[in-house]
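Q: Predicted model follows, preceded by the sequence.
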Amino acid sequence: EPEVTQTPSHQVTQMGQEVILRCVPISNHLYFYWYRQILGQKVEFLVSFYNNEISEKSEIFDDQFSVERPDGSNFTLKIRSTKLEDSAMYFCASRAPGYNEQFFGPGTRLTVL
Amino acid sequence: QKEVEQDPGPLSVPEGAIVSLNCTYSNSAFQYFMWYRQYSRKGPELLMYTYSSGNKEDGRFTAQVDKSSKYISLFIRDSQPSDSATYLCAMTDTTSGTYKYIFGTGTRLKVLA
């Protein structure tokens, strides 16, 4: 069964460093999303991406964040200068055209020290 | 008022019990309602998806939507220890076009053998 994959599973970084979180969405999906979940809190929408551009972003998704689809398979989330409060699980999700269901990856746990 | 409210639990039930999980919401534009299961430090796994009001059954799971009350439910029949997880409700509307999901906080369920 096709699934969304994410790498790395766990990333530890120092405050102020840049991180890139990678996702491989399901192959025929065209709509991509990033969500985050701070420990003990709810899953929150960050950004949606379609046709090589951002279609919607939340207020969390400030200038420190960017997304990219560098090739036909990967979808990345970059945090330019990490802060302690960026520590969270980051989930990538994808959706097929004509369907509403989003399928989530296993997540990347980001720890900022 | 929060957009989506969900009792965080924890909810402990004996094996074989019928479990009822619920969410209320405030945005009347929501039309699509999802239930996800999330094991500790893993990604959300789609369980059920319903559109508008009514019931939908899949094996031991039944999802119910009452749009007039802005209330959704997930019932689990013959609960098993393997059902122990956090259950997340999520919902979306079509007005933004991006189908971003708004999640509840999740209800932690423990099924005791």
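A: Structure received.

Q: hang on, B:Ala90 in a strand?
A: Yes. Counting by DSSP: H, G, I helix; E, B strand; the rest coil, B:Ala90 falls inside a strand.

Q: Just to check, it is in contact with B:Ile102?
A: Yes. At 6.6 Å, B:Ala90 counts as touching B:Ile102 under the criterion of Cβ atoms under 8 Å. The way it works is simple: take the backbone N, C-alpha and C, and place the C-beta from them, glycine included.

Q: Between the two, point out the one with more neighbours.
A: B:Ala90 (25 against 19; other Cβ atoms under 10 Å in any protein chain shown).

Q: Identify the contacts common to B:Ala90 and B:Ile102.
A: Counting by Cβ atoms under 8 Å, 6 or more residues apart in numbering or on different chains, the residues touching both B:Ala90 and B:Ile102 are B:Val4.

Q: tally of neighbours for residue 25?
A: Went with chain A since none was named. 27.

Q: The intended chain is chain B.
A: 23.

Q: Same check on A:Phe103?
A: 21.

Q: who's in contact with it?
A: So A:Phe103 contacts A:Glu3, A:Val4, A:Ile26, A:His29, A:Ala93, A:Ser94, A:Arg95, B:Leu46 (Cβ under 8 Å, 6+ apart).

Q: which parts of chain A sit against chain B?
A: Contacts of chain A with chain B, taken as Cβ under 8 Å from any Cβ of the partner chain, map to A:4, A:6, A:31, A:33, A:35, A:41-45, A:48, A:50, A:55-56, A:58, A:89, A:91, A:93, A:95, A:100-107, A:109.

Q: which ones among the residues you listed are found in strands?
A: The strands, defined by DSSP state E, take in A:6, A:31, A:33, A:35, A:43-45, A:48, A:50, A:55-56, A:89, A:91, A:93, A:95, A:103-104, A:109 from the residues of chain A next to chain B.

Q: Only the buried subset of the contacts of A:Phe103, as a ChimeraX command please.
A: A single ChimeraX command selects the buried members of these (16 or more other Cβ atoms under 10 Å in any protein chain shown):
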select /A:4,26,29,93,94,95
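
Q: List just the nearest of the contacts of A:Phe103 to A:Val12.
A: Within the contacts of A:Phe103, proximity to A:Val12 (Cβ to Cβ) peaks at A:Val4, which comes in at 22.6 Å.

Q: Show me the shaky parts of chain B.
A: B:1 (pLDDT under 70).

Q: what does it put close to chain A?
A: Contacts of chain B with chain A, taken as Cβ under 8 Å from any Cβ, map to B:32, B:34, B:36, B:41-46, B:49, B:51, B:88, B:90, B:92, B:96-106.

Q: Can you tell me what sits against stretch B:38-46?
A: A:4, A:6, A:43, A:89, A:91, A:101-107, A:109, B:34-37, B:85-88, B:90, B:106.

Q: Check the separation of the first and last residues in stretch B:62-80.
A: Start-to-end span of stretch B:62-80 (Cα to Cα, to the nearest Å) is 15 Å.

Q: Any buried residues in that stretch, and which?
A: Applying 16+ other Cβ under 10 Å to stretch B:62-80 flags B:Thr62, B:Ala63, B:Gln64, B:Val65, B:Lys70, B:Ile72, B:Ser73, B:Leu74, B:Phe75, B:Ile76, B:Ser79 as buried.

Q: what does it contact?
A: Residues contacting stretch B:62-80 (Cβ under 8 Å, 6+ apart): B:13, B:15-26, B:28, B:33, B:35, B:47-50, B:52-57, B:60-61, B:83, B:87, B:89, B:91, B:109, B:111.

Q: Separate out the buried members of the residues you listed.
A: B:13, B:19, B:21-25, B:33, B:35, B:47-50, B:61, B:83, B:87, B:89, B:91, B:109, B:111.
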